[in-house]
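*Asks:* I would like to see how this sequence folds:
(chains A, B and C)
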Amino acid sequence: QETGDNEPVYIEADAMSEDRDSGAYIARGNVEARQGDRTVTADELEYRPETGRVIARGNVTIYSADAPPQYADEVELDDQMGSGIATGFSTLMENNGRAAAAHAVRRGNGTLELRDAYYTACQLCSETGHEPTWRLRAQRVVQDTEDQMIYYENVRFEALGVPVFYAPAFAHPDPSSERRSGFLFPTVGVSSRLGLSYQQPYYWAISPYQDFTFAPRVMTNVRPILLGEYRKRFYSGRLGFEGSITYEREIDGDGNRFGEDALRYHLFGGGEFELSEQWDWGFGVQVASDDLHLRRYDINELYQDYPGLVETNVGRLTSQLYLQGQGQNYYAEIAGAAFQSLRVGENDDTLPVVAPMADYRTTTRLGEHGGLFRTRLNTISLTRESGIDYRRASAQADWSARWIAPQGIVLEPFTFARADYYALEDIPGATPLDPLISDSFGRFLGMAGAELSWPLYRPGQSIGSTIEPVIQVVAASDDDNLGRIPNEDSQNVDLTESVIFAANRSPGYDLWEEGLRVTYGGRFSATFINGNEVSAFVGQSHRLDGDPVFDAGSGLRADESDVFASFDVDLSQFNVSANTRINPEYGSVNRVNLSAAGRYGPITASVGYTRFDDSQVLSGPREEARINIATRVTDNWSFGYTMTRDLENDVSRLQTAGIAYRDYCTELAIIYERDNYRRGILGPSESIQVRLTLFTLGSVGSEE
Amino acid sequence: QIGRSGGPLDVQAQNMDVFDAEGRILLRGEVDVIQGDTRLAADQIEIFYTPGGNAATAGGFGDISRIVATGNVFYVTPLERARGSNGVYEAASDTVTLTGNVVLTRGENVITTTRFVTNLTTGNSSFDGGESGERVRSVLFPGSENAGGSDEDTNE
Amino acid sequence: CGFQPLYGGPSGVRLDGIALVQEGDQRIDYLLRDELRNSFPDDAGRYRLVLEPADVRRTGSGIGADGIATRYDLLLTVSYRIYEDGNPQHVFDGSASGAGTYNIPIQPYAAITSQREGEELAARSAASRITLQVARFLRTREGN
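*Replies:* Residues are numbered from 1 along each chain as shown, chains lettered A, B, ... in the order given. Just a heads-up that it's a prediction; the model follows:
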């Protein structure tokens, strides 16, 4: 920027002298010279008003409005103190980048050229007293402010002062620039299946709202694979895709290749868009060429920012399209979903296409104490290549209220009425020879009940405690269609605190709990002034009349249900929660669920333990423990370990151990992972991953 | 002599006392001493000279060794105007020293300091805080002509 | 032994006159507010209970030989603030959580309904905790 050339120069110093012959003023001692928006401070400064040249010597600092301060031993600047030559120069850059050089020349257009210079984002030796963790030393460095890049000629990369890597030329974006296209930091690793692997991402900032990261990965055991991620943000929503593609044979657990070459790929993606203040729609896509592709190349099966109503699970790829709307008193959604199984030996044809899946709820208040009147319309259609085609439509209305009776007894009455209509096709006959039949019918269901609770409170200076005895009576109509309805949506009922007092304890529509039952229990909680809290709950349900509908493992099959008890302690540094189900007849423990987490000094740890008894129909292990420990060893080094152990088969399913180094300008993570899974021919695998990030040298979001 | 051009001293004052034995002249009241193109003015100026010089040549005063000006001292040359609370001319070092809130202007350039010393033979001058440690402050305009030797640019 | 009814008697707390405001726009936020509408019936009043968007976290457990989680532990945490008329600063801020575990059946549609039921139950238990905390806050605030 051109400051007027006759802009005055303010000079302040301990002493000044004027040399008549050269017409120069020489200021000495804490000199401060200011012109326009530039300031130079130095031990000594020589200024010639006639030519405007400024020469500053000793501890020179140049402050200018648009750039961080620059330091030098000696600087000669032109009249606007703009371009000039400096020796022993160093400058701080945005986002903590630092450059220093023996000589520096600043051009009029602001470009800075450094001779025998180095660049780092670490604190300088003067600040820390030891070599910076890393540094780029080059014979010539040019900081081009036009295209916001920094170019190096014959550059050496030094780690802790030791040259490690040489390159004739190198460039990276100026740390002050925002998103720039360029190479990101590679990930290096070794795994028992893929051998050594090197993945080099390239980040392409297509436009301010669009980017594409393209990351080929080279491996020793198999041909390279191409990974990519595309993201785009719209005014009303966002869109993202992630995928991989390679042309390769299959490999087994030890990396030996077999089978024939085929195109192997995966595509995950999705988008969410806002139609209006209350309505939005979105879609999700998950496709893979074969069941083991993702596991073979260690690609995460759970795509984090997968939008959609239907959550995805491991081993199950889900594609969906949905429309969703919500207001003060209504909620509506309509969706369609299709699945691809990654479980070996599972035929995709048995998986249904879920379309449409629609739900429309309204809630209206009936006056001050009239309670709430809710309506719900719900329909579902499951179509299968092979298997039952299941269609249901339901209309439901319920009323509930919460009244405070004298003495503070809380009375919560509720009634419920529902009509279902089923249309089923391809129902297999008794034997495989029988022809497939179809069936359609309707049913009406109703229920009424009330819950009585009497919350009692004892205020105290340091402890406020509450006791809440609860009793609930429910009478539900009989359902004689039990055999005709395939149980599609209520397959696993599991007694917990919130299930036992639910009016309709079945998770779906197909199962209906009939008969008369009474449920009783109590909650206790004590909160301390400092926010710590201890709470406990116990509850049991007793069926007086009606046939059991839930399976044996639910804890609700017998007339006397399991007793559910839970206990939670929540202190600031430590919390424990435990719950269990006890069989009332034999006093045997049907289930124990324990989790604890705590912090002690630098160490944070969490433990989880679960055990089911044998009567449960379970696909997972009966007894499992999970441990997670993280600790800070020194200011920079930290260590983490996680383990999931299947105690039933006495094998550690997944173990990860990682060490991480993080300082002012570097982040290094080395993660060892060992799993004990078997999916088809892909058995257990081990891998080590190394991830290095040097701040400001090209890393996505590493500065925060 | 107080200016570079030397020459006779033209002295005016309300009253003047001469102590020839001590070689001292005391001028008080709006004292104004002019020598060539340089002028020294103050409330009171004392001129010290070596007594017994031949009166004829030096206008009767012989060689001046020292001049001390106190109170509203003004020192004006074709190049600059300086003001201070007191000033001293030393013949031995041929320098004029002004002290006490000195304000010096050269064209548009302005310098404020506690002590200002200018050497009449070399033309160089220096500014510093003296005992007070006060900072020297200046405003200099690029391109302003004050290179040495260009006497014609008198800026009164 | 010093226990008095929370809602009854002379120093009983009344939960009417508390307007319910929901900031989140996801399905879980609707469920949470729906569960609270019986405890806080009014749409206007002296206090305003503002529910921040709920955060739902799932961790898989029961991981078998094939590395597939057969159970999910779900933790819903929601923070809320209570404002009193004429006072821009909130007079109370708290948070409540609702936990739930649900099984993941093999059939995908059953897994969807199982997960949604888990969310609904977690919302219900968080709502009952919020109701208790707000009642306790009003009890101590109204100085009885």
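*Asks:* which residues sit in contact with the closest residue to chain B within chain C?
*Replies:* Residue of chain C nearest chain B, by C-beta to the nearest C-beta: C:Gln89 (49.0 Å). C-betas here are computed from N, CA, C, even on glycine. Going by C-beta atoms under 8 Å, 6 or more residues apart in numbering or on different chains, C:Gln89 touches C:Tyr83.
*Asks:* list the buried ones in stretch A:483-497?
*Replies:* For stretch A:483-497, burial by neighbour count (16 or more other C-beta atoms under 10 Å in any protein chain shown) applies to A:Ile485, A:Asn487, A:Glu488, A:Asp489, A:Ser490, A:Gln491, A:Asn492, A:Val493, A:Asp494, A:Leu495, A:Thr496, A:Glu497.
*Asks:* how about the helices in chain A?
*Replies:* A:125-128, A:293-296, A:497-500 (DSSP state H).
*Asks:* a markdown table for these, including distance to chain B?
*Replies:* As requested, these are exported to a markdown table (distance: least, C-beta to the nearest C-beta, whole Å):
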| stretch | distance to chain B |
| --- | --- |
| helix A:125-128 | 28 |
| helix A:293-296 | 70 |
| helix A:497-500 | 76 |
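*Asks:* worst mean pLDDT among those helices?
*Replies:* Of all these, mean pLDDT reaches its minimum on helix A:125-128 (a mean of 66).
*Asks:* what's the helix or strand for B:Ala42?
*Replies:* strand B:38-49 (DSSP states H and E).
*Asks:* the helix or strand just after that strand: partners in the sheet, and parallel or antiparallel?
*Replies:* As assigned by DSSP H and E, the chain's next helix or strand after strand B:38-49 is strand B:64-76. For strand B:64-76, the paired strands and their directions (DSSP bridges) read strand B:38-49 (antiparallel), strand B:81-90 (antiparallel).
*Asks:* what residues sit buried inside strand B:64-76?
*Replies:* B:Ile64, B:Ile67, B:Val68, B:Ala69, B:Thr70, B:Val73, B:Phe74, B:Tyr75, B:Val76.
*Asks:* just give the closest residue to the third one, not the sequence neighbours.
*Replies:* The spatial neighbour of B:Val68 that comes closest, neighbours along the chain excluded (C-beta to C-beta, 6 or more residues apart in numbering or on different chains), is B:Glu46 at 4.7 Å.
*Asks:* confidence score at the one you found?
*Replies:* For B:Glu46, pLDDT reads 89.
*Asks:* what is the neighbour count of it?
*Replies:* B:Glu46 has 19 neighbouring residues, counting by other C-beta atoms under 10 Å in any protein chain shown.
*Asks:* on that earlier part again, need the buried residues of stretch A:483-497 in CSV (columns: distance to chain C).
*Replies:* Below are these laid out as CSV (distance: C-beta to the nearest C-beta, whole Å):
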residue, distance to chain C
A:Ile485, 13
A:Asn487, 8
A:Glu488, 6
A:Asp489, 4
A:Ser490, 7
A:Gln491, 4
A:Asn492, 4
A:Val493, 9
A:Asp494, 6
A:Leu495, 11
A:Thr496, 6
A:Glu497, 6
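*Asks:* among those, show me the least confident.
*Replies:* Minimum pLDDT across those falls on A:Asn492, with 78.
*Asks:* isn't it right next to C:Gln107, touching?
*Replies:* No: at 10.2 Å, A:Asn492 does not count as touching C:Gln107 under the criterion of C-beta atoms under 8 Å.
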